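Asks: the sequence and its predicted three-dimensional model are supplied below.
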Amino acid sequence: MSVFGIGVAYGLSTLFAMFAGMPIAFALGAVAVVFMAIYMPTASLDTVTQNVYEEMASITLLSIPLFILKGAAIGRSRAGQDLYSALHAWLHRVPGGLGVANVFACALFAAMAGSSPATCSAIGSAGIPEMRKRGYSGGFAAGIIAAGGTLGILLPPSITMILFAIAAEKSLGRLFLAGIGPGLLLVTLFGVYAVVRFRQEYARAKVAYEKSGAWSDILTKDDFTMAQRFSVLPRVIPFVLLLTGVMVALYGGFATPSETAGLGGILALVLIAIIYQVWSPADLAPIMKATLRESTMLMLIIGMSLLYSYVMSYLHISQSVAEYIVSLHLPRWELLFAILLMVVVLGFFLPPVSIILMTAPIILPPLRAANFDIIWFGVVMTIVMEMGLIHPPVGLNIFVIRNVAPDIPLREVIWGTLPFVLLMMAAVVLLCFVPQISTALPDLVMGPDLSR
């Protein structure tokens, strides 16, 4: 069979396994092993475990379970609710300050935890009930938390970016820095939308009150004294210092990414022990179980994805597809559009981890041939994958929100997230015209990237 035929069979087999309901890791591994048995030497089956181990024997990958431990420690404590309360107290005078506080809380928590679902769950459990209690619509409350949670894969320390750095063989520190500017851009866009949406809902509520006397809690104005504002800071400042310390250790060259992750995990456990008295075995058990469960699931997906990519490369599927794309001689921006469109479609079915590991061998060679900055592309691709977390049919954050707020209809949640999908599209377009939003900070801190 030709390489084209093998490639088509490989892709269709993968889709069939996934649509049959098989877990992603097992689907990828099963398809890879079957095609190894059919098209590769018999001896290759004897080295499956060795190949997976060699692919995963990366010191950078060690940082993933350690960052997950840090996120679980923070997410399983009251840190998210305290962070949200502090921001609400300081931003209550801003129109729509409650929504803006949720955006900033998601951004800060994402930077501490590095996980989108953890951010949605931690901030959503406090933010959504508070917004609804104050008269905000369910769709708006759900949408802003779901979208804010996606910042977990863009702002450092992002597990998704760790995997992209490994796949692209690029500096993880540079990639982390490249995500900060676009992350702040999305925070700004989400915050501005929160203000505009609040004004619309406030105006409608005011008109309804003037016409029929129907009172809405959104018309209520909160007020916090200066003493109340400062009283909420002691529980938040240590975690902000933790985030700052971890970033200084990483970007200051004092520690490797894996060492930084270990430092962050230990300090997070120390902080929740001191601040929330989470130190007994019974208290720590849920944190360790969550870390073990998520790490095992993620590392299994990574291992099977790497095996899947190895088989794809051995059978020359990825090389042939890359050569075909290059042979089309598409203008560079049309090439980028086609690749990002493919990522959007894959986002309907796959999580970011699988998308990166499955597509990197195919899309990176043509992008390099077209002289795209791979670090910049990694940021753009991450934003596109963020869209996949909040658009149907399989937007992961949508289902996290449904668990946090089951009383909000799924239809309202989906309609609430769509404006944020459009804002992410706008951010991608802006990054195409002004790439310095992403590249300026890495060049300033680490010097020009001579490998571009």
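Replies: Looks like it arrived, so ask away.

Asks: C-alpha from now on. contacts and neighbour counts both.
Replies: Noted.

Asks: what is the subsequent helix or strand relative to the helix ranked longest in the chain?
Replies: Secondary structure assigned by DSSP state H gives helix 172-212 as the longest helix of the chain. Sequence-wise, the next helix or strand downstream of helix 172-212 (DSSP states H and E) is helix 226-231.

Asks: elements contacting that following helix?
Replies: helix 79-91 (3 or more C-alpha pairs under 8 Å, 6 or more residues apart in numbering; DSSP states H and E).

Asks: gap between the lowest-mean-pLDDT helix or strand in the chain and the chain center?
Replies: Counting by mean pLDDT, DSSP states H and E, the weakest-scoring helix or strand in the chain turns out to be helix 48-56, with a mean of 72. Computed by C-alpha atoms, centre = their mean, to the nearest Å, the separation of helix 48-56 from the middle of its chain amounts to 26 Å.

Asks: what does the helix or strand following it rub up against?
Replies: Proceeding N to C from helix 48-56, the next assigned helix or strand is helix 63-75, under DSSP H and E. Helix 63-75 is touched from outside by 80, 112-115, 118-119, 121-122, 157, 159, 162, 257-262, 264-266, 268-269, 272, 287-288, 290-292, 294-295, with contacts defined as C-alpha atoms under 8 Å, 6 or more residues apart in numbering.

Asks: for stretch 93-111, same thing?
Replies: By C-alpha under 8 Å, 6+ apart, stretch 93-111 touches 80, 83-84, 87-88, 91-92, 116, 119-120, 123, 127, 131, 141, 144-145, 148-149, 151-153, 155-158, 187, 190-191, 194-199, 222-223, 243.

Asks: what about 6 Å?
Replies: 84, 87-88, 91, 119, 148-149, 152, 155-156, 191, 194-195, 198 (C-alpha atoms under 6 Å, 6 or more residues apart in numbering).

Asks: could you do stretch 248-263 as well?
Replies: Thr60, Leu62, Ser63, Leu66, Phe67.

Asks: what mean pLDDT does it have?
Replies: In this model, stretch 248-263 has a mean pLDDT of 78.

Asks: buried residues in it?
Replies: In terms of neighbour count (16 or more other C-alpha atoms under 10 Å), stretch 248-263 has its buried residues at Ala249, Leu250, Tyr251, Ala255, Thr256, Pro257, Ser258, Glu259, Thr260, Ala261, Gly262, Leu263.

Asks: picking up where we left off before, same for the longest helix of the chain, what does it pack against?
Replies: helix 436-446 (3 or more C-alpha pairs under 6 Å, 6 or more residues apart in numbering; DSSP states H and E).

Asks: avg pLDDT for the helix it packs on?
Replies: Rounded mean pLDDT across helix 436-446 is 85.

Asks: so how far is it off the chain centroid?
Replies: That offset, for helix 436-446, works out to 21 Å (C-alpha atoms, centre = their mean).

Asks: what's the answer for stretch 59-69, then?
Replies: Per C-alpha atoms, centre = their mean, the centroid offset for stretch 59-69 relative to its chain is 15 Å.

Asks: and that stretch, C-alpha only, in CSV?
Replies: Output in CSV follows, covering the C-alpha atoms of stretch 59-69 (Å, rounded to 0.1, in the frame of the first residue of the first chain):
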residue,chain,number,x,y,z
ILE,A,59,13.6,16.2,32.3
THR,A,60,11.2,18.9,31.0
LEU,A,61,8.2,16.5,31.2
LEU,A,62,9.0,16.0,34.9
SER,A,63,7.7,19.5,35.5
ILE,A,64,4.2,18.5,34.4
PRO,A,65,3.2,16.4,37.5
LEU,A,66,4.9,19.0,39.8
PHE,A,67,3.0,21.9,38.3
ILE,A,68,-0.2,19.7,38.6
LEU,A,69,0.7,19.2,42.3
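
Asks: and it, what's buried?
Replies: Thr60, Leu61, Leu62, Ser63, Ile64, Pro65, Leu66, Phe67, Ile68, Leu69.

Asks: how about stretch 127-134?
Replies: Gly127, Ile128, Pro129, Glu130, Met131, Arg132, Arg134.
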